[in-house]
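A.B. asks: Build the 3D model from these lines:
(2 chains)
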Protein chains: 2
Amino acid sequence: MTSASILRGLVLVSLSLATPAPAEDVRAAVDAGNRAFTAAFVRGDAKAVSELYTEDAQVIAPGAPVAKGRPAIAAAWQKAMESVKDVRLETADVESAGDLAVETGTVQLTAKSGALTNERYLVVWKRAKDGQWKLHRDIWNGE
Amino acid sequence: MTSASILRGLVLVSLSLATPAPAEDVRAAVDAGNRAFTAAFVRGDAKAVSELYTEDAQVIAPGAPVAKGRPAIAAAWQKAMESVKDVRLETADVESAGDLAVETGTVQLTAKSGALTNERYLVVWKRAKDGQWKLHRDIWNGE
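C.D. replies: Model (predicted):
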């Protein structure tokens, strides 16, 4: 191997490390994640919802202790499903750097009683080694 | 210039692009930012607080509209200063990628009446072109 070919290899490795995922790809992953979230929520599958989160994710819901990790997150969403029948997420913006992406948006919750609530949320998405984007931090509040 | 020296230049540029800031440097910047925030808050300087945020930052406070941009953020903190005399931030963890860092923590607010409130917060910090880390998204809620 010549030193020029070693250098060429280094350039390729370095450039691939330095190249972030295109913003539109991250946005598409976030949109797909949110569709999966909504579908799992509406069919009442709290375990499937929790599997959209990273292993060490945190859900910081108003009026509840921080839910850390998938079992706690599944339990938290299971509880929410007792009173909420529908969620509508609307992404306002997504910014990313490397394996982290920050999404802000609004969510409309429909209670089983039919009552509507609007909240503002921030989700930090994290890209796992397999390339999958998962919810890593999830926090919201009401106006 | 030889093609080897061009390659060498490319390697150096690529490696510097690919090298993230060390985690301890990001943590130190977040700690310094939080000290500056607390100092400005306690002396009642809402404009100085707002200047710790990026130009297009958002503060998502429970029970209030989203404050977007420094003038709105200064006004929001000015209002908070009417009833809150002290803030104590405690960082739980910081994760970063490139120019974004995510901090979670707890804040204890001391009202002018002496009443204490505890909240959980998430702050997204963003590194500006000059290398300064600023608050970019700031959201919290109570347990």
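
A.B. asks: Give me the three-state assignment for A:Ile73.
C.D. replies: helix (DSSP: H, G, I helix; E, B strand; the rest coil).

A.B. asks: which residues touch it?
C.D. replies: Neighbouring residues of A:Ile73 by C-beta atoms under 8 Å, 6 or more residues apart in numbering or on different chains: A:Val49, A:Ser50, A:Tyr53, A:Ala57, A:Val59, A:Ala67. Just so you know, the C-beta spots here come from the backbone N, C-alpha and C atoms, and that holds for glycine as well.

A.B. asks: Switch those residues over to CSV; also include distance to chain B.
C.D. replies: Formatted as CSV, the contacts of A:Ile73 follow (distance: C-beta to the nearest C-beta, whole Å):
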residue, distance to chain B
A:Val49, 20
A:Ser50, 19
A:Tyr53, 15
A:Ala57, 11
A:Val59, 11
A:Ala67, 11
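
A.B. asks: Tell me which of the residues you listed fall in strands.
C.D. replies: By the criterion of DSSP state E, membership of the contacts of A:Ile73 in strands covers A:Tyr53, A:Ala57, A:Val59, A:Ala67.

A.B. asks: quick one: which of the residues you listed has the most company?
C.D. replies: Going through the ones in strands among the contacts of A:Ile73 with other C-beta atoms under 10 Å in any protein chain shown as the criterion, the one with the most neighbours is A:Tyr53, at 26 neighbours.

A.B. asks: Phi first, then psi, for A:Ala128.
C.D. replies: With angles defined as degrees, to the nearest 10, A:Ala128 sits at phi -80, psi 170.

A.B. asks: Hmm, A:Leu135 and it touching each other?
C.D. replies: No: between A:Ala128 and A:Leu135 there is no contact under C-beta atoms under 8 Å: 11.4 Å.

A.B. asks: Give me the more crowded residue out of these two.
C.D. replies: Between A:Ala128 and A:Leu135, counted using other C-beta under 10 Å, A:Leu135 has the larger neighbour count: 23 against 12.

A.B. asks: contacting residues around the nearest residue to the more buried one once chain neighbours are set aside?
C.D. replies: Taking C-beta to C-beta, 6 or more residues apart in numbering or on different chains, and ignoring the residues beside it in sequence, A:Leu135 has A:Tyr53 as its nearest neighbour in space, at 4.6 Å. Contact partners of A:Tyr53, counting by C-beta under 8 Å, 6+ apart, are A:Val59, A:Arg70, A:Ile73, A:Lys134, A:Leu135, A:His136, A:Asp138.

A.B. asks: let's go with 7 Å and repeat that
C.D. replies: A:Arg70, A:Ile73, A:Lys134, A:Leu135 (C-beta atoms under 7 Å, 6 or more residues apart in numbering or on different chains).

A.B. asks: can you check A:Pro62 too?
C.D. replies: Contacts for A:Pro62 (C-beta under 7 Å, 6+ apart) come out as A:Trp140, A:Asn141, A:Gly142, B:Pro62, B:Asn141, B:Gly142.

A.B. asks: for chain A, which helix is longest?
C.D. replies: helix A:23-42 (DSSP state H).

A.B. asks: starting at the chain centroid, how far to that one?
C.D. replies: In terms of C-alpha atoms, centre = their mean, to the nearest Å, the centre of helix A:23-42 is found 8 Å from the chain centre.

A.B. asks: This completes my enquiry, with thanks.
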